[in-house]
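**Student:** Show me the folded form of this:
(chains A and B)
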Amino acid sequence: MTGTSFQTFTEAAQGLVNPALQSWKAGGGKVVGYFCSAVPEEILVAADLLSYRMRATGSESTEESDAYFSNINCSFPRHCFNLALIGKFEFLDGVICLNSCDHVRRLYDNWKRYVPTEFVEIMSLPRKTGPDQVAWYREELALLKEKIEKHFGAEITDDRLKGAIRLLNETRSLQRELYELRKRENPPLTGAQALVVMVAGTAMPKEPYNALLRELLDELRQAEGNGGYRARLMVVGGILDDPAWVQVVEDQGGLVVTDATCFGTRTMWKQVDESIGDPLDALARYYVADRPSCPRMYGEQERRSELVRELYSEFDCDGIIGERLMFCDQWLVEHYMLDHDLKEESIPFLKLERDYVTSGTGQLRTRVQAFLEKMGK
Amino acid sequence: MSTDNHPELVRYRSEREWFKLLHSQVKDSDVPEHQLAERTLTFCLDMYNRIIACVEEGDPFVATYYCSAPELCTAMDLPWYMVMQTPFLASSVPYLLDDIDSAEAMGLGSDLCTAIRLSIYYIEANLSPIPSCIVGLLYPCDGAPMLHQVIQHNSKWRDIPMFNADPPYWDDDRSLDYFAAELRKMAQFLEQHTGRKLDMDKLKEAIEESNKQFALWQEYNELRRAVPSPHGWDLGGSQCFSVTQCYRAGQKGGTDWFRKLIEIAEHKVANKIGAVEKERIRLFWFDLLPFGWIFDLLPWLEQEWGAVMVMDMFGNYPYTLIDTSSEEQMWRDLAKRNLFDAPMIRQARGVADNFVNDIARIVKDYKIDVVIWPGHMGHKDGSATIGIMRETCRKLKVPFMSLGLDLFDRRYATPDQLKEKMSEFFRAMGLG
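**Tutor:** Numbering: from 1, shown residues only, chains lettered A, B, ... in the order given. This next block holds a predicted model:
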């Protein structure tokens, strides 16, 4: 890829801050970080805030956060909190957490007490997806909206919310176009490159991101694409934001062509319904019931498993890699069930555990090589 | 009917035999505590017998999670058992470690909470009685919704109707209304799938009886404030919890059990008889007890250090007495008891403030010398709260210790390793 768009995305994905974010801040803009893809970015965007998906890119240690978390806690919140304690998130004007999992929800409690960020909130996302839960989450969204209006002096009208929904739907639509290109026999970008594009979308203002993504799509439509790979792979898991990890998989000859992850299809495979009159209703419905769920949502395993198999088929995959951060109960059991489902259809499945920070890649290389060989690739 | 026709009863019958053995060891004892244990074990055996009979006769019965408003089952005369029964009630069985290994071999890893792992194993290996329907709760931890999703996924269980209440994260009126509505739906679900009707007068009766049980539990806990404390780890929260949740929720036999418990404790307090001859350390064990290997550690604490477990997480039940003056209030208070009061749901479901508040209150009320966070490998939210708990204890000027163990698997951190760690800590803190 020769255009400047991918270069800009790479800058945005490989560090915590990037030129677009710095420029936003320099212009007096505020940045609010959020944990978990079920936090409605639209409300932040409608308040003219830059929504920033939390990650710990570049973290090298958990030395400071080890006094607050223990060694049975997931490395993702430990690295994030470590960076917070050493001041790497000072560019944030607020942080929004969610009761997404046992590890991340405690980030809220620790952040609130020990990090001097002015606006720190947590939302209660139900674990079921019925109408009562949509109604509950709508109330949560209304409460968040009020708090944001009060703290940031913003007025979030219905029109602004609808505008934000349109804008983010456009982002999702462009990202799906990107994924469409990956269905080609010779996809014009690798899995690691696709992840760069997706991560960048969570760290930049949406309008310039969409404009750059359009440019990139134009370039990719003309590109020759990647051939010579041994197998087409899908990745299924949670918070995978590290292109280097995907690169290690691809260095063994596999090409990652699609995913079901929290920086991938989970965030964009479905649109918020713009025909619903009340924008908060539309958002609540989308985030609780409509979008592809993660394992924390009870009663949805069958639908999740179906989506994995649909994507596997649509993208003409040869095998699936399940990635899980160590100590994540949700993904461990989800992969356990998925393994059973995939065996019934003879779909090759490799379960991999990992630490948030990619290091010591020898074992990963060996496991992927063995997986490819087992598939006869 | 033979076990061959009901392979799912293999473990259940083994557990019953295990409890029969324990029962035989205390049934003729003159020691008041043993006499109470005999009653507890009789309740326990009665539950096993009822569930086995239901399976054999094809009568309706329910599998529940804990703290799923068991008064409903009492009011509807529905036998129930807890789907996590083996790890919680029967983890002293001799085959527990083998089952843990089998769960791991099944692909359930080694970092998933052992209680959840074992429960999944018993479902997947067809070793749990298959009920008429299931009522559960999607908290307090990530493991709970995953366990229930495995049940939905399992080929033998997937057609069993299941209702899971969804507890909100907050402790406010909106949350109570939401959760009360969930409990009403749970009751409707039970009616629909068991053919039993919920008579509100019977529910009121069961709740008024459980109110008595909780009031007596509170009275008993008042007695545990005494110095020396009348009981330590071997009698208290765990038994009170099992009587009110698993065996005799809202039933007169449970209320009598509590009266006997108080009688025993009152006598000891009046005569200044403590759990040990010389109480030197009063400790707050902020978790479940290490049920899988309890006798390898807790007696040692008392014998070696005179350390008495004055309070534990499951003994700490803040006892909302349910106002039965109106139906609406009854549901609301039932929601409150199960959402805000129930141990572990209370602390682990929402923000960390309940960890802080419970430590502060218990340290003060029970004259605690040391707070121990056992750090069970499955309690990940609590383990992400250790900094907050440590700071709380520092402010209260009481030592705080985080151990790191598996409540069910003594191989994770061995009793000897834990003894050494605790001894070093007690010495360093000048305790005992």
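**Student:** If we look just around chain A, which residues of the stretch 251-400 of chain B are in range?
**Tutor:** B:348, B:351-353, B:375, B:377-378, B:380-381, B:383-388, B:390-391 (C-beta under 8 Å from any C-beta of the partner chain). Bear in mind the C-beta positions are built from the backbone N, C-alpha and C, glycine included.
**Student:** Which of those residues fall in strands?
**Tutor:** In strands, judged by DSSP state E, none of those are found.
**Student:** Can you select the buried ones among these for me in PyMOL?
**Tutor:** Command for PyMOL, covering only those of these found buried under the criterion 16 or more other C-beta atoms under 10 Å in any protein chain shown:
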select buried, chain B and resi 348+351+352+375+377+378+380+381+383+384+385+386+387+388+390+391
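**Student:** any bit of the lowest-mean-pLDDT helix or strand in chain B sitting next to chain A?
**Tutor:** Between all helices and strands in chain B, the lowest mean by mean pLDDT, DSSP states H and E belongs to helix B:85-89, at a mean of 84. No: counting by C-beta under 8 Å from any C-beta, chain A is not contacted by helix B:85-89; separation bottoms out at 14.8 Å.
**Student:** what comes up buried for the helix or strand that that helix is followed by?
**Tutor:** With elements assigned by DSSP states H and E, the helix or strand that comes after helix B:85-89 is helix B:96-103. Neighbour-count burial for helix B:96-103, counted by 16+ other C-beta under 10 Å, picks out B:96, B:99-100, B:102-103.
**Student:** hey, where'd the strands end up in the stretch 1-150 of chain A?
**Tutor:** Along the stretch 1-150 of chain A, the stretches classed as strands by DSSP state E, counting those that start in this stretch are A:30-34, A:49-53, A:94-98, A:119-123.
**Student:** let me redo that: chain B
**Tutor:** Going by DSSP E, chain B shows strands at B:62-64, B:80-82, B:133-137, B:162-165, B:281-285, B:307-312, B:370-373, B:400-402.
**Student:** B:Ala115: which of the ones you listed is closest?
**Tutor:** When these are compared by C-beta to C-beta, strand B:80-82 sits nearest B:Ala115, at 11.0 Å.
**Student:** Give me the mean pLDDT for that closest one.
**Tutor:** Strand B:80-82 shows a mean pLDDT of 94.
**Student:** Same check on stretch B:18-27?
**Tutor:** Average pLDDT, stretch B:18-27: 95.
**Student:** swap in stretch B:144-153?
**Tutor:** Average pLDDT, stretch B:144-153: 97.
**Student:** pull the CA atoms of that stretch into PDB?
**Tutor:** The C-alpha coordinates for stretch B:144-153 follow below in PDB (Å, rounded to 0.1, in the frame of the first residue of the first chain):
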ATOM      1  CA  ALA B 144     -22.100 -17.700  36.200                       C
ATOM      2  CA  PRO B 145     -23.400 -16.800  32.700                       C
ATOM      3  CA  MET B 146     -20.900 -19.100  31.100                       C
ATOM      4  CA  LEU B 147     -22.100 -22.000  33.300                       C
ATOM      5  CA  HIS B 148     -25.700 -21.300  32.300                       C
ATOM      6  CA  GLN B 149     -24.700 -21.100  28.600                       C
ATOM      7  CA  VAL B 150     -23.000 -24.500  28.800                       C
ATOM      8  CA  ILE B 151     -26.200 -25.900  30.200                       C
ATOM      9  CA  GLN B 152     -28.100 -24.400  27.300                       C
ATOM     10  CA  HIS B 153     -25.500 -25.800  24.900                       C
END
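**Student:** How far away from the center of its chain is it?
**Tutor:** Here stretch B:144-153 is found 20 Å from its chain centre; the criterion is C-alpha atoms, centre = their mean, to the nearest Å.
**Student:** hmm, who's touching that stretch?
**Tutor:** For stretch B:144-153, contacts defined as C-beta atoms under 8 Å, 6 or more residues apart in numbering or on different chains pick out A:127, A:295-299, A:301-302, A:329-330, A:332-334, A:336-337, A:340, B:65, B:83-84, B:116, B:119-120, B:123-124, B:134, B:136-138, B:157-158, B:160, B:162, B:164.
**Student:** Please parse chain A into its domains.
**Tutor:** Domain assignment for chain A by automatic domain parsing gives A:21-156, A:160-184+A:226-374.
**Student:** how about a markdown table for these, with mean pLDDT, distance to B:Asn271 and mean neighbour count added?
**Tutor:** Output for those, formatted as a markdown table (pLDDT from 0 to 100; distance: least, C-beta to C-beta, whole Å; neighbours: other C-beta atoms under 10 Å in any protein chain shown):
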| stretch | mean pLDDT | distance to B:Asn271 | mean neighbour count |
| --- | --- | --- | --- |
| domain A:21-156 | 97 | 42 | 20 |
| domain A:160-184+A:226-374 | 97 | 48 | 20 |
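**Student:** Would you mind giving those as CSV with distance to chain B added?
**Tutor:** What follows is those, written out as CSV (distance: least, C-beta to the nearest C-beta, whole Å):
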stretch, distance to chain B
domain A:21-156, 3
domain A:160-184+A:226-374, 4
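**Student:** Could you save those as CSV and add columns showing distance to B:Asp358?
**Tutor:** Below are the domains of chain A laid out as CSV (distance: least, C-beta to C-beta, whole Å):
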stretch, distance to B:Asp358
domain A:21-156, 14
domain A:160-184+A:226-374, 24
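**Student:** closest to B:Arg427 out of these?
**Tutor:** Of the domains of chain A, nearest to B:Arg427 by C-beta to C-beta is domain A:21-156, at 22.6 Å.
**Student:** Now do the closest one: distance from first to last residue.
**Tutor:** By C-alpha to C-alpha, to the nearest Å, the extent of domain A:21-156 from end to end equals 22 Å.
**Student:** got the CA positions of the least confident helix or strand of chain B in CSV?
**Tutor:** What follows is helix B:85-89 as a C-alpha-only set of coordinates in CSV (Å, rounded to 0.1, in the frame of the first residue of the first chain):
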residue,chain,number,x,y,z
GLN,B,85,-24.0,-28.2,44.8
THR,B,86,-20.9,-30.4,44.7
PRO,B,87,-18.3,-27.6,45.0
PHE,B,88,-20.3,-25.8,47.6
LEU,B,89,-21.8,-28.5,49.7
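**Student:** packing partners for that helix?
**Tutor:** Helix B:85-89 sits against helix B:10-26, helix B:114-124, with contacts defined as 3 or more C-beta pairs under 8 Å, 6 or more residues apart in numbering or on different chains; DSSP states H and E.
**Student:** Would you mind pulling the contact partners of that helix?
**Tutor:** Helix B:85-89 is touched from outside by B:11, B:15, B:44, B:66, B:82, B:93, B:96, B:99, B:114-115, B:118-119, B:122, B:242, B:246, B:288, B:291-292, B:408, with contacts defined as C-beta under 8 Å, 6+ apart.
**Student:** now do stretch A:215-224
**Tutor:** A:1-6, A:9, A:174, A:177-178, A:181, A:186, A:188-189, A:197.
**Student:** List only buried entries from these.
**Tutor:** Among those, those classed as buried by neighbour count (16+ other C-beta under 10 Å) are A:1, A:5-6, A:9, A:174, A:178, A:181, A:188-189, A:197.
**Student:** Make JSON lines out of the residues you listed and add distance to A:Cys36.
**Tutor:** Listed next are the buried ones among the contacts of stretch A:215-224 as JSON lines, based on distance: C-beta to C-beta, whole Å:
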{"residue": "A:Met1", "distance to A:Cys36": "30"}
{"residue": "A:Ser5", "distance to A:Cys36": "27"}
{"residue": "A:Phe6", "distance to A:Cys36": "27"}
{"residue": "A:Phe9", "distance to A:Cys36": "22"}
{"residue": "A:Leu174", "distance to A:Cys36": "22"}
{"residue": "A:Leu178", "distance to A:Cys36": "23"}
{"residue": "A:Leu181", "distance to A:Cys36": "28"}
{"residue": "A:Pro188", "distance to A:Cys36": "31"}
{"residue": "A:Leu189", "distance to A:Cys36": "26"}
{"residue": "A:Val197", "distance to A:Cys36": "20"}
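**Student:** Could you identify the most distant pair in those residues?
**Tutor:** The span of the buried ones among the contacts of stretch A:215-224, defined through C-beta to C-beta, is set by A:Met1 and A:Leu174 at 15.9 Å.
**Student:** wait, B:Pro131 sits on B:Phe61?
**Tutor:** Yes: using C-beta atoms under 8 Å as the test, B:Pro131 is close enough to B:Phe61 to be in contact (5.4 Å).
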